[in-house]
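Chemist: Have a look at this prediction, sequence included:
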Amino acid sequence: MKDETTVSHLERIAKLIRYYSLVATTEAGSGHPTSALSATDLMCGLLFGGTFRYDTENPDHPNEDRLIFSKGHATPLFYSLWLAAGVIDEQEIMTYRQFGSRLEGHPTVAFPYVEAATGSLGQGLSIGVGTALNARAIDELPYRTYVLLGDSEMAEGSQWEAIQLAAHYELGNLIGVLDVNRLGQRGETMYGHDVDAYGKRLRAFGWRTQIIDGHDYDQILDAFEKASRSRKKPTMIIAKTIKGKGVSFVEDKNGWHGKTLDRDQLNQAIQEMGEIDKSVRGEIRKPENRKRKVRETREMGRLDY
């Protein structure tokens, strides 16, 4: 079990992230807040749980970990994460989806902390495969690539082509995070909350899998720590989550995809959330500055299969 202080701190950050995901989308009058809420704990645990390496003052650092939002519509979460990291402020996040803002509805490189522009579902993992290959064969650096995936996009053939290639090339530096929130744009996904179905398919392709509760920080932090030690197989963290997590009247409810809260609903949601510490911030561990060839680190923390 993780330190209670660490978990408590992450929970406070997650509440802040959920707050801004809701407020920014209501202010914009568009966006995908419920898709952001389901993955909030996962991404909060990744960035601020001690595994992820990133230099917030230098987003072009060659040895920092890469984060790709394949479910690009979850930008309310993405930008709120960087607010919690101290990169942007409340004034900027309130420009979400406005003309001239760098905080666009789907991630683009206008925002320097975006690794890849996404939005068309099923593309992010392919980019992640290329990035992981680049780390090993071109950069010769030990950074890892993390890809946040939605369960709806697992119906895309391009996903399984990328999954096949990642296993073939033994990309142990590639970690997928599958947000299984059950609901897509038009109802339940093919497997719903059957996380074992995803696990069986991925293992058949040669991936290492971990099935977790995507809102349990002990499980989340353990999963990322274990995935970071893999060197031979890519890892998929399959997380069972609740769409709209944290707002009772939208949790696991169909019909809320791509729909924002109106002002009254927003006030109700904020009241449910309770006290929010707007001063809380998360710390991301910095990457190592010295260049290390991957072949020198390949045996470190090896997992047996």
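Modeler: Nice, I can see it.
Chemist: Now the biggest helix by length in the chain: buried residues?
Modeler: Ranked by residue count, the top helix of the chain under DSSP state H comes out as helix 4-28. Within helix 4-28, the residues that count as buried by 16 or more other CB atoms under 10 Å are 6-7, 9-10, 12-28. Using the backbone N, CA and C atoms, a C-beta is placed for each residue, glycine as well.
Chemist: now swap in stretch 51-70 and tell me
Modeler: Residues of stretch 51-70 classed as buried by neighbour count (16+ other CB under 10 Å): 51-54, 56, 61, 63-70.
Chemist: what do you get for stretch 184-199?
Modeler: The neighbour-count check on stretch 184-199 (16+ other CB under 10 Å) flags 184, 189, 191, 193, 195, 198-199 as buried.
Chemist: burial measure for the residue lying closest to residue 187 once chain neighbours are set aside, as a count.
Modeler: Counting by CB to CB, 6 or more residues apart in numbering, residue 254 is the residue found nearest to residue 187 once chain neighbours are left out, at 5.8 Å. Neighbour count of residue 254, defined by other CB atoms under 10 Å: 12.
Chemist: Checking residue 254 next. Helix, strand or coil?
Modeler: Three-state assignment for residue 254 (DSSP: H, G, I helix; E, B strand; the rest coil): coil.
Chemist: who touches the closest residue to residue 288 other than its chain neighbours in this structure?
Modeler: Nearest in space to residue 288, with sequence neighbours left out and distances taken as CB to CB, 6+ apart, is residue 63 at 5.9 Å. By CB atoms under 8 Å, 6 or more residues apart in numbering, the contact set of residue 63 is 53, 141-143, 287-289, 291.
Chemist: what sits against the closest residue in space to residue 262 that isn't next to it in sequence?
Modeler: Using CB to CB, 6+ apart and skipping residues adjacent in sequence, the residue nearest residue 262 is residue 26, 7.2 Å away. Residues near residue 26 by CB under 8 Å, 6+ apart: 33, 260-263, 266.
Chemist: right, and out of those residues, which lies closest to residue 157?
Modeler: If you rank the contacts of residue 26 by distance to residue 157 using CB to CB, residue 33 comes first, at 29.0 Å.
Chemist: can you give me phi and psi for that closest one?
Modeler: Main-chain torsions, residue 33, degrees, to the nearest 10: phi -60, psi -40.
Chemist: what's around it, how many residues?
Modeler: 27.
Chemist: list the contacts for it?
Modeler: 21-22, 25-26, 76, 244, 259-261.
Chemist: one more time with 6 Å, if that's ok
Modeler: Counting by CB atoms under 6 Å, 6 or more residues apart in numbering, residue 33 touches 21-22, 25, 76, 260.
Chemist: With residue 203 instead?
Modeler: Going by CB under 6 Å, 6+ apart, residue 203 touches residue 209.
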